[in-house]
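Chemist: Structure here, sequence nowhere to be found:
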């Protein structure tokens with residue numbers, strides 16, 4: 001590829017598997033990872049003229065996907081705050097029970113539950129470095145931050161993960177007897193609202209909502225939001241000619257390559 005030729009769709013397609021592995025590593029969710037890869041390819045085709053061959057094409061695609069992931073992944077109320085972790089670990093009296101941490105580390109679902117509590121920008125550094133074996137320099141490039149900043153995120157991310165693992169006993173006690181993990185339940189709620197969830201999973205979700213102390217308000221808010229949004233629909237609204245023309249041009253350009 002020379003400096004003036006944008007990547008073709010065939011060249012982009014060569015990186016599908018690598019991009020999917022990258023996305024799955026970031027979000028730990030197969031459906032969301034698939035959506036991110038698809039959105040990345042759309043974005044790459046839209047911005048293909050901006051790519052002039054500098055650096056590696058896969059690195060460029062990864063940066064696009066990482067930025068899309070940041071937009072898609074919203075802050076969770078259960079995330080550990082960066083300021084809190086610095087304050088905790090900066091106190092001489094702070095410690096954890098290593099037996100509890102070791103026990104949770106042995107359970108994949110417990111480890112993933114702890115990972116999801118890390119802020120996204122710190123979680124991705126830990127995942128890419130400690131799971132995917134990326135170099136800190138590569139992570140800094142993807143996140144568009146300095147090498148010292150990437151090292152700091154790795155340090156803080158590891159600290160947050162240990163703290164999240166150590167607090168697992170308290171969380172399990174609050175959720176004892178509740179079927180299905182909160183994260184799994186929340187991932188299935190949208191399909192449940194649309195009547196698209198299978199019978200077995202629906203029953204588990206309903207049992208979870210009947211016993212979980214935190215998910216029912218979230219479910220209620222989702223129901224209210226969907227109903228309110230439905231009330232905004234205007235059956236006379238149509239796509240503007242300008243937008244319809246732009247979509248046709250994108251489609252024609254894509255098909256013509």
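Modeler: The structure has been received and is ready for your questions. All of these numbers come straight from a predicted model, not from anything done at the bench.
Chemist: can you list the domains in the chain?
Modeler: 9-72, 82-174, 182-230 (automatic domain parsing).
Chemist: Check which residues of the lengthiest helix in the chain are buried.
Modeler: Across the chain, the longest stretch assigned as helix under DSSP state H is helix 147-166. Buried residues in helix 147-166, counted by 16 or more other Cβ atoms under 10 Å: 150-151, 153-154, 156-166. Yep, even glycine has a C-beta here, placed from its N, CA and C like the rest.
Chemist: Please apply the same query to stretch 83-103.
Modeler: Neighbour-count burial for stretch 83-103 [16+ other Cβ under 10 Å]: 85, 88, 101.
Chemist: what do you get for stretch 188-205?
Modeler: Applying 16+ other Cβ under 10 Å to stretch 188-205 flags 188-189, 192, 197, 204-205 as buried.
Chemist: In helices only, show me the residues you listed.
Modeler: Members of those lying in helices (criterion: DSSP H): 188-189, 192, 204-205.
Chemist: quick one: which of the buried residues of stretch 83-103 is nearest to residue 129?
Modeler: Of all the buried residues of stretch 83-103, residue 85 has the smallest distance to residue 129: 17.3 Å, by Cβ to Cβ.
Chemist: wait, what's in contact with the closest one?
Modeler: 156, 159-160, 163 (Cβ atoms under 8 Å, 6 or more residues apart in numbering).
Chemist: related to what we said a few turns ago, quick check: the farthest pair among the ones in helices among the buried residues of stretch 188-205?
Modeler: 189 and 204 (12.0 Å).
Chemist: what's the pLDDT at the nearest residue to residue 35 once chain neighbours are set aside?
Modeler: Once flanking residues are discounted, residue 35 sits nearest to residue 72: 7.5 Å by Cβ to Cβ, 6 or more residues apart in numbering. At residue 72, the model reports a pLDDT of 75.
Chemist: Quick one: low-confidence residue ranges for the protein.
Modeler: 1-5, 52-55, 73-79, 168-178, 232-240, 243-244, 247, 250-257 (pLDDT under 70).
Chemist: Can you convert the contacts of residue 85 into CSV and add a column each for distance to residue 117?
Modeler: Output for the contacts of residue 85, formatted as CSV (distance: Cβ to Cβ, whole Å):
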residue, distance to residue 117
156, 13
159, 12
160, 7
163, 9
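Chemist: and residue 121, how many residues sit next to it?
Modeler: 17 (other Cβ atoms under 10 Å).
Chemist: That one in helix, strand or coil?
Modeler: Using DSSP: H, G, I helix; E, B strand; the rest coil, the structure places residue 121 in helix.
Chemist: which residues sit in contact with it?
Modeler: Contacts of residue 121 (Cβ under 8 Å, 6+ apart): 70, 143, 153.
Chemist: any idea which element the first one lies in?
Modeler: The one in question is residue 70. Assigned by DSSP states H and E, residue 70 belongs to helix 57-72.
Chemist: helix or strand for residue 139, which one?
Modeler: helix 136-143.
Chemist: sorry, back to before: which strands and helices lie in contact with the longest helix of the chain?
Modeler: Judged by 3 or more Cβ pairs under 8 Å, 6 or more residues apart in numbering; DSSP states H and E, helix 147-166 is in contact with helix 82-89, helix 98-105, helix 108-115, helix 120-126, helix 136-143.
Chemist: could you check the angle helix 136-143 makes with it?
Modeler: In terms of direction (axes from the mean of the first three to the mean of the last three Cα atoms, to 10 degrees), helix 147-166 departs from helix 136-143 by 90 degrees.
Chemist: dump the residue contacts of the closest residue to residue 188 other than its chain neighbours.
Modeler: Leaving aside its sequence neighbours, residue 188 sits nearest to residue 205 (Cβ to Cβ, 6+ apart; 5.4 Å). Residues in contact with residue 205 (Cβ under 8 Å, 6+ apart) are 180, 185, 188-189, 192, 197.
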